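*Asks:* 3D, please:
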Amino acid sequence: MKKFFTLIAAALLSSGAFAQSEWQNMITNGDMEGEQDPMWSSFWCHDYRQNVEFAEGSGQQYDENGQFQGFAEIIDDPLEPGNHCARVIARSEAEADEAGNKVAADGKLASWDCQFFVYATETIPEGKEIRMTMRVRADKNGHFETQAHWNPGNYNHYQIFGNIDVTPEWQKIQVSATVSADMTQEAAEKFFQSVAFNLSTDATGNVFYFDDVKLEIRDPKGPEEFTGWFNMLRHGTQSADAIGSYTNFTGRDAADGSDVKARIVNDPVDGQPALTVSAAAWEGSRQEQVFEEDGVTPVLDDEGNPTFKEVQYWHKADGTEKTTIDDWEAQFFVTVPHKFIPNSKYRLVMWYRADEPADIDTQLHNMPGSYVHWQAIGTLNCTPEWQKIEVEQDMMAEGKGCQTIAFNCNKMKDKPNNYYFRFEEFSFNAADVSDDERLLGSETVQLPVPEPGNDNGATGKIDFTNCLKTLEATSFENLVNENMGVANGVEGGVDTYASADVTAGFFLDDNGWFAEDGKISFDFGEVKDSDTGLNVTVYNDGESFNGKRLDTKFRYEYNNWFYLFNVSLIAEQIYNGIYDTVKATVNKTNSIYDLQGRRVEKATKGLYIMNGKKYMVK
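*Replies:* Take a look at the predicted model:
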């Protein structure tokens, strides 16, 4: 039985089940190029610049500690002359100590010693989706924290977008969240208006640059109507092969001192596979003399004698001594491709135990180690026996965009401990899981396109070895034939298929415009279950393919999971390794041609044809 369909140059349009408002930008002068209104700015900072002149009534000031509070400094970009950007200088701890006005936390330089604020034009209430895009860089590698403030300096909540990494090169970042009740405190009249960046995260200081900033809001899209569970784990914890690279079980082993892929061991209790991480414990204690913040002046008791404190310690695998053990010193993470949706249903079924009785706290993270919220599914009370937990609940607002549940395994610090986990199910409302989140793998393939008028077409072959293995399909014949039935045609001329969707294919003319009369058709040959490849004949009823480009996609589905072939269609002569027009002339001239048969004067990086053969220029 043959499968035949046609792809015509047309666009696919789709609409969601829920209406959703457009993004509204809440920032002025985000490109840093406009005149700055002395009575208003979207960019504010608290830093220690000296001798800043400001107009009376502008709201700018030096506070009693000598900290400047006002408009961020706009400069000519050192890397891109003529472009303007905001610059904020985060001083070092040594500079703060010397100035005598250090903002401290536990005796160390606080991350909020220097801050940059993105100040919205209007107040933002609970429940709004919020998205920030910007370009950012720093003089050296580092990161900064993000907080929600009522307005600059009036703190609401320690978390909004998580930590943002920076490098010396400009990079564009985009982060998003849903405004939670915590971000809109009662004291702030249930709203916030400013995103604060805590820049003093490096004791040696750093210089940060910001440009092209947008802070946008919209009403959130609600979750879809519940249609059943979709398990993102596929196999839970059965074997290393079953876990693969799709579901990301990772661990932070305090005993090993590193973040690693979670180890799979045969559990000593029942001999079955289990995921494990190891916690740290105190090795001993010693007496240490106490000094003032300067680290030099001794703290004396009432009789003038030096004072001492007990310090506990332990050692990482590399021999490094540590005098703190955080609850998150050892962690276990479960990450899935699905981005959590507030108020959408999810279900978690897992087994857990530990060598010694202990408690585990659970958190929401964007990705492993990128903390968002202190609460996920509550506290687990571990015993040496396996226990099962089943959770079915709606995702909290703070979970917006997260993909990870983290388990903090180092609450107990009196003795070393090993924790073991098995997962049966981490499921979400199937209607909320996008096609992209169901995509297990993809690869790029090439197919030949004949010149118009070739009634025999041009035949190529797609190797399905990786597709079958990834989808764990038991029948190649069923995958290719039965699961490829024709679905309803989409208006506009593109036919789609239940399991072999063809999308976004276009002819382009020499100027890059769509060629309206381009028309390509495909004939899928019959297959047997013993086959591992699919023969595809391509017909060209349009204009000459020479000088054109056509890309499309074939998507195959098995048990609701997808595998994608990114198909690049190239001229038949190129596909076969021979270009007749080129071959007739190159023997005399050694001329160079690209893969579309166009002569080039000088080859840069890429694949070319000379004397009828392909050459790679690196």
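
*Asks:* so what sits opposite Asp394 in the bridge?
*Replies:* As for beta bridges, Asp394 partners with Lys345 under DSSP bridges.

*Asks:* next up, the contacts around it.
*Replies:* Taking C-beta atoms under 8 Å, 6 or more residues apart in numbering as the criterion, Asp394 is in contact with Pro342, Asn343, Ser344, Lys345, Tyr346. Yep, even glycine has a C-beta here, placed from its N, CA and C like the rest.

*Asks:* could I get the residues you listed as JSON lines with pLDDT?
*Replies:* Shown next, in JSON lines, are the contacts of Asp394 (pLDDT from 0 to 100):
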{"residue": "Pro342", "pLDDT": "89"}
{"residue": "Asn343", "pLDDT": "90"}
{"residue": "Ser344", "pLDDT": "93"}
{"residue": "Lys345", "pLDDT": "94"}
{"residue": "Tyr346", "pLDDT": "96"}
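
*Asks:* between these, which sits nearest Gly295?
*Replies:* Distance to Gly295, by C-beta to C-beta, is smallest for Pro342 among the contacts of Asp394, at 46.6 Å.

*Asks:* nearest residue to the closest one in space, please, no chain neighbours.
*Replies:* Of all residues beyond its chain neighbours, the one nearest Pro342 is Ala397 (4.6 Å), with distances taken as C-beta to C-beta, 6 or more residues apart in numbering.

*Asks:* ok, Ser180 next?
*Replies:* Ala397 (4.6 Å).

*Asks:* that neighbour contacts Met183, correct?
*Replies:* No - using C-beta atoms under 8 Å, Ala397 is not in contact with Met183; the gap is 9.4 Å.

*Asks:* between the two, what contacts are shared?
*Replies:* With C-beta under 8 Å, 6+ apart, Ala397 and Met183 have common neighbours Glu126.

*Asks:* who's more crowded, the two?
*Replies:* Met183 (29 against 19; other C-beta atoms under 10 Å).

*Asks:* which residues does that one contact?
*Replies:* Going by C-beta under 8 Å, 6+ apart, the list of residues near Met183 reads Glu126, Ala148, Asn156, His157, Ile160, Phe192.

*Asks:* could you identify the most distant pair in those residues?
*Replies:* Within those, Glu126 and Ile160 form the most distant pair, 12.7 Å apart (C-beta to C-beta).

*Asks:* ok, those two, which is more surrounded?
*Replies:* Legend: neighbour count by other C-beta under 10 Å for Glu126 and Ile160, higher for Ile160 (24 against 15).

*Asks:* measure the more buried one to Asn343 for me?
*Replies:* Distance, Ile160 to Asn343, by C-beta to C-beta, to the nearest Å: 19 Å.

*Asks:* returning to what we had before: contacts only, for the residue nearest to Pro342.
*Replies:* By C-beta under 8 Å, 6+ apart, Ala397 lies in contact with Glu126, Gly127, Thr178, Val179, Ser180, Ala181, Pro342, Asn343.

*Asks:* wait, doesn't the second one sit right on Ile217?
*Replies:* No - no contact is recorded between Gly127 and Ile217 when judged using C-beta under 8 Å, the distance being 10.1 Å.

*Asks:* so, low pLDDT: which residues of the chain?
*Replies:* Applying pLDDT under 70 to the chain picks out residues 1-20, 35-41, 236-252, 255-260, 477-520, 527-530, 542-551, 578-618.

*Asks:* so for it, the centremost residue is which one?
*Replies:* Nearest to the mean C-alpha position of the chain, counting by C-alpha atoms, centre = their mean, stands Met367 at 7.4 Å.

*Asks:* neighbours of the residue lying closest to that residue once chain neighbours are set aside, how many?
*Replies:* In space, Met367 comes closest to Thr404 once its chain neighbours are excluded; the distance is 5.7 Å by C-beta to C-beta, 6+ apart. Other residues lying near Thr404 total 22 when counted by other C-beta under 10 Å.

*Asks:* partners of Thr404 in the sheet?
*Replies:* Note on Thr404: beta-bridge partners Thr335, His365, judged by DSSP bridges.

*Asks:* distance of it relative to Gln331?
*Replies:* Separation of Thr404 from Gln331 (C-beta to C-beta): 10 Å.

*Asks:* quick check: neighbours shared by these two?
*Replies:* By C-beta under 8 Å, 6+ apart, Thr404 and Gln331 have these common neighbours: Pro368.

*Asks:* show residues contacting stretch 461-475.
*Replies:* 440-441, 443, 445, 447, 476, 479-480, 529, 531-536, 554, 556, 558-559, 561, 563, 565.

*Asks:* looking at the residues you listed, which are in strands?
*Replies:* For the contacts of stretch 461-475, the ones inside strands are 440-441, 443, 445, 447, 533-536, 554, 556, 558, 561, 563, 565, with DSSP state E as the criterion.

*Asks:* out of those, who's nearest Thr121?
*Replies:* Nearest to Thr121 among the ones in strands among the contacts of stretch 461-475 is Leu440, at 43.5 Å by C-beta to C-beta.

*Asks:* how about the contacts made by the closest one?
*Replies:* Leu440 makes contacts with Tyr246, Thr470, Leu471, Trp561, Phe562, Tyr563, as judged by C-beta under 8 Å, 6+ apart.

*Asks:* next, count neighbours for the third one.
*Replies:* A total of 19 residues lie near Leu471 under the criterion other C-beta under 10 Å.

*Asks:* what's the closest non-adjacent residue to it?
*Replies:* Of all residues not flanking Leu471 in the chain, Tyr558 sits nearest, at 4.0 Å (C-beta to C-beta, 6+ apart).

*Asks:* show me the beta-bridge partners of that neighbour.
*Replies:* Bridge pairing for Tyr558 - DSSP bridges - gives Trp561.

*Asks:* much appreciated, bye for now.
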